[in-house]
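**Q** model this:
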Amino acid sequence: MHQRINITLPAETVRLLDRVAPKGDRSRYIDQAVREHAKQSAKAKIRKGLKDAALHRYDEDRQLAEEWFFLEEEAWQDGQRR
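**A** Numbers count the residues shown, from 1 in each chain. Here you go, the predicted structure:
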């Protein structure tokens with residue numbers, strides 16, 4: 001189902017649209033552009049969320065790794081002796 005909307009674009013954007021999408025094909029072109037932009041925005045938001053979470057946990061993760069390092073090192077050396 002399609003829905004008609006009325007939008008206003010800057011004249012330069014309309015000239016650009018005329019160069020890349022023939023008249024009668026503008027709706028399809030704009031639809032694809034909006035969908036692609038939305039997909040890229042969603043990916044960027046996920047990446048930012050993952051980065052923020054990793055930075056937030058950095059100190060805790062580093063401390064945990066330091067605490068377990070000696071136990072892991074000892075277990076590895078015991079395994080090498082056998």
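
**Q** what helices or strands is the helix or strand Ala54 falls within leaning on?
**A** Under the criterion of DSSP states H and E, Ala54 resides in helix 26-81. The contact analysis (3 or more C-beta pairs under 8 Å, 6 or more residues apart in numbering; DSSP states H and E) places helix 26-81 against helix 11-20. C-beta here means a position set from N, CA and C on the backbone, and glycine is covered the same way.

**Q** what is the rounded mean pLDDT of the helix it packs on?
**A** For helix 11-20, mean pLDDT is 95.

**Q** in it, what counts as buried?
**A** Judged by neighbour count (16 or more other C-beta atoms under 10 Å), helix 11-20 contains these buried residues: Leu17.

**Q** how many degrees apart are that helix and helix 26-81 in direction?
**A** Calculated by axes from the mean of the first three to the mean of the last three C-alpha atoms, to 10 degrees, helix 11-20 forms an angle of 80 degrees with helix 26-81.

**Q** Run through who's touching helix 11-20.
**A** Residues from elsewhere that reach helix 11-20 (C-beta atoms under 8 Å, 6 or more residues apart in numbering): Leu9, Arg26, Tyr29, Ile30.

**Q** now for the residues you listed, which pair is the farthest apart?
**A** Leu9 and Tyr29 (12.5 Å; C-beta to C-beta).

**Q** sorry, back to before: neighbour count for the contacts of helix 11-20 - can I get that in TSV?
**A** Listed next are the contacts of helix 11-20 as TSV, based on neighbours: other C-beta atoms under 10 Å:
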residue	neighbour count
Leu9	11
Arg26	14
Tyr29	13
Ile30	15
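
**Q** Closest to Leu71 out of the residues you listed?
**A** Nearest to Leu71 out of those is Ile30 (C-beta to C-beta; 59.0 Å).

**Q** List the residues that contact the closest one.
**A** Leu17, Ala21.

**Q** pLDDT weak spots in this protein?
**A** Applying pLDDT under 70 to the chain flags residues 81-82.

**Q** ok, 80 please
**A** 73-82 (pLDDT under 80).

**Q** measure Phe71 to Gln77 for me?
**A** One thing to correct before we go on: residue 71 is Leu, not Phe. In this view, Leu71 and Gln77 are 11 Å apart by C-beta to C-beta, to the nearest Å.
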